[in-house]
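1. Kindly generate the corresponding structure for this input.
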Amino acid sequence: MLEIKEYEEMAKFDLSDAERQELTDRLEKLIADFSALEKIDTAGTEPLVTVLDINNIMRNDVVKKIFTREELLSGAPEEYDGYFRVPKTLD
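-> Numbers count the residues shown, from 1 in each chain. Model (predicted):
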């Protein structure tokens, strides 16, 4: 029988004896169902990330200079020495 009280304490639950027994029964059935998977021979089987037949379709990372520093700073309320000037946040 699973020791539900340990998990109950960690999760700060307060279960009745009936709830504790029902949870124990469900978890034992779940563990039994999953233990059937251990009997399957998976030797030589490649791990799957997805069942879909797709490839990575990301583009190459190419650096492009779209704006000049001056163009970017033209919209700044204040600028100092080529940088955005913002109000102090810490004293």
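2. What are the neighbouring residues in contact with residue 69?
-> residue 82 (Cβ atoms under 8 Å, 6 or more residues apart in numbering). All C-beta atoms are positioned from the backbone trio N, CA, C, and that covers glycine.
3. per-residue pLDDT, it?
-> pLDDT, residue 69: 87.
4. same check, this time on the one 10 residues further on
-> You'll see residue 79 listed with a pLDDT of 89.
5. Now do the strands in this protein.
-> Assigned by DSSP state E, the strands in the chain fall at 79-80, 83-84.
6. Show me the one of those that comes nearest residue 15.
-> strand 83-84 (56.2 Å; Cβ to Cβ).
7. could I get the strands of the chain as a markdown table with mean neighbour count and distance to residue 49?
-> What follows is the strands of the chain, written out as a markdown table (neighbours: other Cβ atoms under 10 Å; distance: least, Cβ to Cβ, whole Å):
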| stretch | mean neighbour count | distance to residue 49 |
| --- | --- | --- |
| strand 79-80 | 12 | 47 |
| strand 83-84 | 12 | 42 |
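8. Nearest approach to residue 58 belongs to which of these?
-> Using Cβ to Cβ, the nearest of the strands of the chain to residue 58 is strand 83-84, at 30.7 Å.
9. I'd like the distance between residue 55 and residue 47.
-> In this view, residue 55 and residue 47 are 17 Å apart by Cβ to Cβ, to the nearest Å.
10. who's sitting farthest from the centroid in the chain?
-> residue 81 (40.9 Å; Cα atoms, centre = their mean).
11. For residue 67, see how far away it is.
-> Taken as Cβ to Cβ, the span from residue 81 to residue 67 is 18 Å.
12. Same check on residue 75?
-> Distance, residue 75 to residue 67, using Cβ to Cβ: 10 Å.
13. cool, residue 20 as well?
-> Taken as Cβ to Cβ, the span from residue 20 to residue 67 is 63 Å.
14. Then residue 7?
-> Counting by Cβ to Cβ, the gap from residue 7 to residue 67 is 55 Å.
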